[in-house]
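*Asks:* quick one: sequence plus predicted model below, questions after.
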Amino acid sequence: MPDPKDPEYSLSYDLLFRGLEIMSGSQRINDHDELVETIKSRGLDPKNFEMYLQAFKYGMPPEGGFSFGLERMTMHMLNLKNIREASLYPRDMERVDIRLSQKT
């Protein structure tokens with residue numbers, strides 16, 4: 001969502017911890033026509049976003065969201081080298097392949 005006072009900026013934020021982004025959030029554009037115009041202004045084709053735009057066609061209340069990177073914060077606090085060391089269930093294809101290939 002562009003900032004109504006200065007459209008050069010958006011209504012969003014990033015929270016940094018020791019130089020690493022651990023949280024971000026924003027208010028989102030909720031008006032269908034404004035969203036279509038924004039897509040076009042960035043040189044994109046709204047037809048490629050039809051599924052997403054469908055939800056906004058008949059009205060969408062103002063909303064926003066955020067995400068919090070707990071693993072990123074843990075990794076940074078403990079000075080770990082890899083985010084997988086801070087995750088309870090790390091994404092590691094090698095580990096998954098080993099488990100799936102083991103015979104029981």
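*Replies:* Alright, I've got the coordinates. Numbering: from 1, shown residues only.
*Asks:* name the SS class of the closest residue to Pro62 other than its chain neighbours, please.
*Replies:* Nearest-residue entry for Pro62: Asn30, 5.2 Å, with adjacent residues in sequence omitted and distances by C-beta to C-beta, 6 or more residues apart in numbering. (Each C-beta comes from the backbone N, C-alpha and C, glycine too.) Three-state assignment for Asn30 (DSSP: H, G, I helix; E, B strand; the rest coil): coil.
*Asks:* what's the spacing between Asn30 and Ser24?
*Replies:* Applying C-beta to C-beta, to the nearest Å, the value for Asn30 to Ser24 is 19 Å.
*Asks:* try Ile83
*Replies:* Applying C-beta to C-beta, the value for Ile83 to Ser24 is 16 Å.
*Asks:* and Pro2, by the same measure?
*Replies:* Looking at Pro2 against Ser24, where the rule is C-beta to C-beta, the gap reads 17 Å.
*Asks:* not counting its neighbours along the chain, what's nearest the residue nearest the centre of the chain?
*Replies:* Central residue of the chain (C-alpha atoms, centre = their mean): Ser67, 6.8 Å from the mean position. Closest residue to Ser67 apart from its sequence neighbours, by C-beta to C-beta, 6+ apart: Ser24 at 6.0 Å.
*Asks:* same question for stretch 80-96: list its buried residues.
*Replies:* Across stretch 80-96, burial judged by 16 or more other C-beta atoms under 10 Å covers Ala86.
*Asks:* what distance separates that stretch from the centre of its chain?
*Replies:* Distance of stretch 80-96 from the chain centroid (C-alpha atoms, centre = their mean, to the nearest Å) equals 20 Å.
*Asks:* how close does Lys57 sit to Asn48?
*Replies:* Distance from Lys57 to Asn48, counting by C-beta to C-beta: 16 Å.
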